[in-house]
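Q: Sharing a model that was predicted from the sequence below.
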Amino acid sequence: MVRRMKSYDSAFVTGCDEKHEWMLEWFFKNYKKHIKDVPLIFANFGLSSEGLKLVRENVHAVMNLKVFDEKGWFKKPMSMIKCPSKKTIWIDLDCEIRDDISNLFDMLEPNKLNMVQDKPWTTRGQELWHNSGVVGFIDKPPILYQWAKAVREDPVQGDQEVLHLMLNPITKIAYINDIPNEYNVLRLQTEIDGYAGPIKVMHWTGQKGKDKIKAML
């Protein structure tokens, strides 16, 4: 008999594989410090037995994403689809939660992916980008299934790049709702671009970002 996973009204979801599980304790510590009443769901992309044990001790439910063929972070869109919650916010494991971000659920617009503009990429590429480190949505909007399908059929560079290539400036307006920058502040913004605004989530992107996280351990 297949056991159905409990459903939730609202939940955060994250995930990783064995290669990135060294960040788990750091992520859980920040999450528990600032977020008290919202369930955390985990997508297992291929953890070690030790990593899975740690995850089970710190989250409300674990989803098995090892059964899907996508590699690494390309499993993210499918994780979002499989997450058993009505209102869902995906958050990358390299995001440092610095404040209670539960009010973000109240900012979500239906039928859209709710994301922060990727200002470093937008500035450097001279076209509008959105960062997939924090993605909120209500129910499972059609664009989420389209994203997962595109990732499966043409996995170029990363999940964020796939989403960007799927959409043009007009369809981005239709399918993406901008949320405030403070919910996903990128490393380049603070280190190079002079960002001095509030930070609720600090996203330590790239190898330099991972080195910053290691220094915090």
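A: Everything's here; your move. Note that the coordinates shown come from a computational prediction; the quantities given were computed from them, not determined experimentally.
Q: give the contact list for Val13.
A: Applying C-beta atoms under 8 Å, 6 or more residues apart in numbering, one finds that Val13 lies in contact with Leu40, Ile41, Phe42, Ala43, Ser79, Met80, Cys83, Ser85, Thr88, Ile89, Trp90, Ile91. Where you see a C-beta, it was placed from the backbone N, CA and C, and this is true even at glycine.
Q: Pretty sure the last one sits against Ser132.
A: No: using C-beta atoms under 8 Å, Ile91 and Ser132 do not qualify as a contacting pair, with a distance of 10.4 Å.
Q: first vs last residue of stretch 75-91, how far apart are they?
A: Between the opening and closing residues of stretch 75-91 lies a distance of 13 Å (C-alpha to C-alpha, to the nearest Å).
Q: Which strand residues bridge the residue nearest the centre of the chain?
A: In the chain, the residue lying closest to the centroid (C-alpha atoms, centre = their mean) is Ile91, at 3.0 Å. With DSSP bridges as the criterion, the beta-bridge partners of Ile91 are Val134.
Q: Check the gap between it and Ser10 for me.
A: Computed as C-beta to C-beta, to the nearest Å, the Ile91 to Ser10 distance reads 13 Å.
Q: so Cys16 sits right up against Leu54, yeah?
A: No: using C-beta under 8 Å, Cys16 is not in contact with Leu54; the gap is 11.3 Å.
Q: Tell me the residues that contact both of those two, please.
A: A shared contact of Cys16 and Leu54, defined by C-beta under 8 Å, 6+ apart, is any residue touching both; here these are Leu24.
Q: So the two - more neighbours on which side?
A: More neighbours surround Cys16 than the other of Cys16 and Leu54, with 25 against 16 (other C-beta atoms under 10 Å).
Q: Find the nearest non-adjacent residue to that one, please.
A: Counting by C-beta to C-beta, 6 or more residues apart in numbering, the nearest residue to Cys16 once its immediate chain neighbours are dropped is Leu93, at 5.0 Å.
Q: ok so Phe45 is a strand residue?
A: Yes: counting by DSSP: H, G, I helix; E, B strand; the rest coil, Phe45 is found in a strand.
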